[in-house]
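**Student:** turn this into a structure:
(one chain, ligands or ions: 1)
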Amino acid sequence: MGKKTEFLYLSEEDIIKAGALDYARCIDVEEEIFRLLSVGDYVMGGDKHNSHGIMMKFPKESPFPNMPLDAPDRRFMAMPAYVGGRFNVAGQKWYGSNIINPQRGLPRSILMVMLNDADTCEPLALMSGNVISSVRTGCVPGVGVRHLARKDAQVCSCIGAGPVSAACFEGIATEAKKLKEIVVCDLVIEKAEKMAKEMSEKYNIKGRATTSLEEAVRAGDIVSVAASSVKPIELKNEWLKKGSLLIFTGRGKVDEEYFLTSKVIWDNTKMHEVYYDEHMMLPENERFINGIGVQIYRMMFEGKLPPITEGISLGDVICGSAKGRENDDEKICFIASGMPVWDVGWGYELYENAKKAGLGQTLKLWDEPYLA
Ligand SMILES: NC(=O)c1ccc[n+]([C@@H]2O[C@H](COP(=O)([O-])OP(=O)(O)OC[C@H]3O[C@@H](n4cnc5c(N)ncnc54)[C@H](O)[C@@H]3O)[C@@H](O)[C@H]2O)c1
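**Tutor:** As a prediction, the model looks like this:
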């Protein structure tokens with residue numbers, strides 16, 4: 001007699017009712033997962049168990065009229081992970097991204113999260129992933145601020161005014177208890193103004209909008225970079241304040257002097273080792289061009305910085321085996337490239353909440369498997 005399998009479908013509305021927008025809780029859950037990363041109680045894809053995921057990028061040209069073509073931020077991505085500890089669950093985030101989607105009334109990227117029993121492999125839940133992903137992304141900078149920012153940080157500058165940047169600000173604002181002002185920089189001033197207004201009202205702080213990268217960066221005690229690739233973001237060491245925390249959730253560069261004189265803390269050096277190796281397999285003229293932190297990889301390759309194997313991960317700082325901020329003057333850069341462990345871990349927390357609250361629809365996979 002085969003076994004019946006059912007799983008829970010959770011729409012965006014269900015996910016929100018289950019607490020997906022609870023930034024404070026998500027920051028605590030992620031801190032817990034950072035500890036699991038530090039001790040190694042997790043698995044991600046690939047031979048070294050540390051891959052961010054597999055990207056499907058379209059070709060630059062195609063003889064097939066329906067085939068999508070390559071464009072900035074155009075991709076599909078599969079991101080599997082197992083998260084250990086009390087979670088003990090496997091899962092994956094799967095998404096597609098198309099930069100013109102907002103013109104169609106859709107988010108740039110559309111995401112789903114699937115959870116599976118790590119032992120039987122049965123599906124546990126299929127969930128709308130946009131809110132899960134954006135809150136989990138925003139809360140990583142929140143954990144970063146908890147452990148790496150100056151306690152008296154008053155101004156947060158956000159580069160980019162899309163949903164990911166807004167989520168990063170919410171994660172940061174949840175932890176930066178002395179925050180007095182948000183400065184938002186976007187290529188589109190109306191977007192910057194809208195985000196500055198919404199966030200300043202929500203967190204009862206001052207809000208300012210600008211299109212000047214320099215103006216925004218100079219103002220920030222915390223600088224959060226989470227923009228798309230429409231125009232490259234290039235910062236200067238001299239713009240960054242003493243004691244500032246610069247967080248890269250999206251792509252961007254700073255001049256080399258910055259990295260030669262600041263401390264870099266990584267979300268997970270083991271994943272960046274994999275990224276680094278992947279770059280080394282590319283032809284020389286394509287290496288270290290695209291991706292978060294690739295400029296640091298290049299400096300490592302050129303011998304200007306110690307190798308990634310000697311880098312510091314935030315989980316190690318949290319567990320006390322590495323040092324984070326040592327004084328109020330040092331500039332710290334936190335690289336947060338994103339990992340599927342956040343989607344699976346935060347998704348699992350929401351799945352558990354949803355079960356308790358009776359949310360979602362139960363879907364049947366089978367009464368008994370036809371092919372067992
Ligand atoms: N690290 C992670 O975990 C993670 C997770 C999700 C998304 N992301 C990244 O976050 C980024 C933003 O995502 P989104 O969904 O909010 O994108 P989006 O396209 O909705 O918004 C991005 C904003 O950035 C602005 N922008 C682009 N170039 C700029 C520049 N040079 N200066 C100022 N503003 C600029 C655009 O005008 C736009 O308003 C993406 O690059 C994405 O890859 C990272």
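
**Student:** all contacts plus neighbour counts: C-alpha atoms, from now on.
**Tutor:** Fine.

**Student:** if I pick the closest residue to the ligand within the stretch 251-372 of the chain, what's in contact with it?
**Tutor:** The ligand sits closest to Gly338 of the stretch 251-372 of the chain, with a gap of 3.1 Å, by CA to the nearest ligand atom. Applying CA atoms under 8 Å, 6 or more residues apart in numbering, we find Gly338 in contact with 52, 137, 249, 267.

**Student:** check it and give its pLDDT.
**Tutor:** If you check Gly338, the pLDDT there is 93.

**Student:** swap in Gly291?
**Tutor:** Gly291 is given a pLDDT of 88.

**Student:** neighbours around Pro68, how many?
**Tutor:** Residue neighbour count, defined by other CA atoms under 10 Å, stands at 15 for Pro68.

**Student:** confirm it sits in a strand?
**Tutor:** No - assigned with DSSP: H, G, I helix; E, B strand; the rest coil, Pro68 falls outside any strand and is coil.

**Student:** adjacent strands (with direction) for the host helix or strand of Cys158?
**Tutor:** Here Cys158 sits within strand 155-159, counting by DSSP states H and E. Applying DSSP bridges, strand 155-159 is found paired with strand 181-185 (parallel), strand 222-225 (parallel).

**Student:** may I have the first one exported as CSV, CA atoms only?
**Tutor:** Pointing back at strand 181-185 there. Listed next in CSV are the C-alpha coordinates belonging to strand 181-185 (Å, rounded to 0.1, in the frame of the first residue of the first chain):
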residue,chain,number,x,y,z
GLU,A,181,17.4,59.9,8.4
ILE,A,182,17.1,57.9,5.2
VAL,A,183,18.7,59.2,2.0
VAL,A,184,17.6,57.4,-1.2
CYS,A,185,19.5,57.6,-4.5
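
**Student:** who touches the next helix-or-strand element following that strand?
**Tutor:** For strand 181-185, the succeeding helix or strand toward the C-terminus, using DSSP H and E, is helix 189-203. Residues from elsewhere that reach helix 189-203, judged by CA under 8 Å, 6+ apart: 160-162, 166, 170, 173, 181-186, 206-211.

**Student:** now with 6 Å?
**Tutor:** 161, 184-186, 206-209 (CA atoms under 6 Å, 6 or more residues apart in numbering).

**Student:** and for stretch 277-285?
**Tutor:** Contacts for stretch 277-285 (CA under 6 Å, 6+ apart): Arg287.

**Student:** list the buried residues for it?
**Tutor:** His279 (16 or more other CA atoms under 10 Å).

**Student:** likewise for stretch 348-360?
**Tutor:** Here stretch 348-360 shows 348-351, 353-354, 359-360 as buried, counting by 16+ other CA under 10 Å.

**Student:** ok but Leu111 is inside a helix, no?
**Tutor:** No - with three-state DSSP as the criterion, Leu111 is strand rather than part of a helix.

**Student:** is it true that it touches Tyr95?
**Tutor:** Yes - between Leu111 and Tyr95 there is a contact at 4.2 Å, judged by CA atoms under 6 Å.

**Student:** quick one: name the residues of this structure near the ligand.
**Tutor:** 108, 137, 159-165, 185-188, 226-233, 249-250, 336-338 (CA under 6 Å from any ligand atom).

**Student:** and the buried ones among those residues, selectable in ChimeraX?
**Tutor:** ChimeraX command restricting the residues of the chain next to the ligand to the buried ones, with burial defined by 16+ other CA under 10 Å:
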select :108,137,159,160,161,162,163,164,165,185,186,187,226,227,228,233,249,250,336,337,338
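
**Student:** among the residues of the chain next to the ligand, which lie within helices?
**Tutor:** Counted as lying in helices by DSSP state H, out of the residues of the chain next to the ligand, are 137, 163-165.

**Student:** and stretch 79-91, how far out from the chain's middle?
**Tutor:** Taking the mean of its C-alpha atoms, stretch 79-91 sits 17 Å from the chain's own mean (CA atoms, centre = their mean, to the nearest Å).

**Student:** if you count neighbours, what's buried in it?
**Tutor:** So for stretch 79-91, counting by 16+ other CA under 10 Å, buried means 79-84, 88-91.

**Student:** and stretch 363-372, C-alpha only, in PDB?
**Tutor:** Extracted C-alpha coordinates of stretch 363-372, given in PDB (Å, rounded to 0.1, in the frame of the first residue of the first chain):
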ATOM      1  CA  LEU A 363      -3.000  20.000  -2.600                       C
ATOM      2  CA  LYS A 364      -2.800  16.300  -3.300                       C
ATOM      3  CA  LEU A 365       0.200  14.900  -5.000                       C
ATOM      4  CA  TRP A 366      -1.300  11.400  -5.000                       C
ATOM      5  CA  ASP A 367      -3.400   9.100  -2.900                       C
ATOM      6  CA  GLU A 368      -0.800   6.500  -3.600                       C
ATOM      7  CA  PRO A 369       2.100   6.800  -6.100                       C
ATOM      8  CA  TYR A 370       1.200   5.200  -9.400                       C
ATOM      9  CA  LEU A 371       4.800   4.200 -10.100                       C
ATOM     10  CA  ALA A 372       5.900   3.100  -6.600                       C
END
